[in-house]
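Visitor: I'd like to go over a predicted model; first the sequence, then the structure.
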Amino acid sequence: MQWKGTFRVHILTFKTAEIDLGQQMQKATILVVDDEDDIRELVEYSLKREGYETLEASTGEEALALARRHRPNLIVLDLMLPGVDGLEVCRRLKGGADTEAITVIMLTARGGEADIVTGLELGADDYVTKPFSPRVLVARIRSALRRHTQSAEAKEDVIRINSLVIDPGRHEVLVDDDKVDLTFTEFRILQTLARRPGRVFTRYQIIDSIHGGEYVVTDRAVDVQIAGLRKKLGKYGDYVETVRGVGYRFKD
């Protein structure tokens, strides 16, 4: 099996990282979506060495069909796909009742801020830019799966502020009994702030509470998420306050 350029170096230097997440996590199923055979095979090789089950797709249409049929735990999704591109695949996955809970990590040569922000707004959980280290990618996948498992197992109380209701169990927000359509990231930002009203969170703390310490994102990306959240909350948008030069807090 032949690898191109940078990827040859990575595969030769790759070492299996120790996993302390139990048998169930090791056997998670991951769908790898990329139209480049070499990259897809590299990712699958790295994941199988860590004990994960894998599926593969080279087009957006194939990825959507496999996701609906097999419900993988996580999808590594290239953005530049023929036909239905990765952003549209992510949008459809997060908009489907049977696939919205699947964790998505974008794998892309598009390192621009606009693409990253768009992916996050659509509900992607993380992103890795090409060229990439398989070891780093596996670490990001491991971290994302751990966060998803912890979130699913956590028993969190419903948060009520007047007619604003935040229900973590249902992953649902209501304003005056009307459902507010939030992305995964917007929901987690709101939940993080509203659980501790009055506390100021820096942008780094907000991202860390949602994606973990390995996640890298610009201040602008956080600000865009906050702006979208405020708009969707309507009369409760003002509850998300800006603390100039520091970050954000939920009005107490």
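Guide: Yep, it's here.
Visitor: number of residues surrounding residue 46?
Guide: 23 (other C-beta atoms under 10 Å). C-betas here are computed from N, CA, C, even on glycine.
Visitor: tell me, what's the model's pLDDT at the nearest residue to it once chain neighbours are set aside?
Guide: Nearest non-adjacent residue to residue 46, counting by C-beta to C-beta, 6 or more residues apart in numbering: residue 134, 3.8 Å away. You'll see residue 134 listed with a pLDDT of 93.
Visitor: can you check the one 10 residues further on too?
Guide: The pLDDT attached to residue 144 in the predicted structure is 86.
Visitor: equivalent analysis for residue 4, please.
Guide: Note for residue 4: predicted pLDDT of 42.
Visitor: for the helix or strand hosting residue 193, which positions count as buried?
Guide: Residue 193 belongs to helix 184-195 when assigned by DSSP states H and E. In terms of neighbour count (16 or more other C-beta atoms under 10 Å), helix 184-195 has its buried residues at 184-194.
Visitor: before we move on, what about stretch 166-181?
Guide: So, applying 16+ other C-beta under 10 Å, buried residues of stretch 166-181: 166, 168, 173-175, 180.
Visitor: could you work out the end-to-end span of that stretch for me?
Guide: Across stretch 166-181, the terminal residues are separated by 12 Å (C-alpha to C-alpha, to the nearest Å).
Visitor: quick check, distance from it to the centre of its chain.
Guide: 20 Å (C-alpha atoms, centre = their mean, to the nearest Å).
Visitor: tell me the mean pLDDT for it?
Guide: Rounded mean pLDDT across stretch 166-181 is 91.
Visitor: and stretch 202-211, by the same measure?
Guide: Across stretch 202-211, the per-residue pLDDT values average to 75.
Visitor: again with stretch 222-241
Guide: Per-residue pLDDT values across stretch 222-241 average out to 93.
Visitor: that stretch: end-to-end distance?
Guide: Termini of stretch 222-241 sit 13 Å apart (C-alpha to C-alpha).
Visitor: tell me which stretches of the protein form strands.
Guide: Taking DSSP state E as the criterion, the chain carries its strands at 29-33, 53-57, 74-78, 103-108, 126-129, 159-161, 164-167, 172-175, 178-180, 201-202, 240-243, 247-250.
Visitor: tell me which of these sits most buried.
Guide: Comparing these by mean neighbour count (mean count of other C-beta atoms under 10 Å), strand 74-78 ranks first with a mean of 27.
Visitor: which residues are in contact with that strand?
Guide: 28-36, 39, 43, 63, 67, 86, 89-90, 93, 102-108, 124, 137, 141, 144-145, 148 (C-beta atoms under 8 Å, 6 or more residues apart in numbering).
Visitor: any idea how far residue 187 lies from residue 52?
Guide: 27 Å (C-beta to C-beta, to the nearest Å).
Visitor: same check on residue 105?
Guide: Computed as C-beta to C-beta, the residue 105 to residue 52 distance reads 13 Å.
Visitor: show me where pLDDT drops low in the stretch 1-150 of the chain?
Guide: 1-26, 111-112, 150 (pLDDT under 70).
Visitor: what ranges does it have for its helices?
Guide: Using DSSP state H, counting those that start in this stretch, the helices found in the stretch 1-150 of the chain span residues 5-13, 22-26, 37-49, 60-70, 86-95, 113-121, 134-153.
Visitor: the fourth one: which residues count as buried?
Guide: Counting neighbours by 16+ other C-beta under 10 Å, one finds that the buried residues in helix 60-70 are 60, 62-64, 66-67.
Visitor: switch the residues you listed over to CSV; also include distance to residue 202.
Guide: Rendered in CSV, the data for those read as follows (distance: C-beta to C-beta, whole Å):
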residue, distance to residue 202
60, 36
62, 41
63, 36
64, 37
66, 39
67, 35
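Visitor: no more questions from me, cheers.
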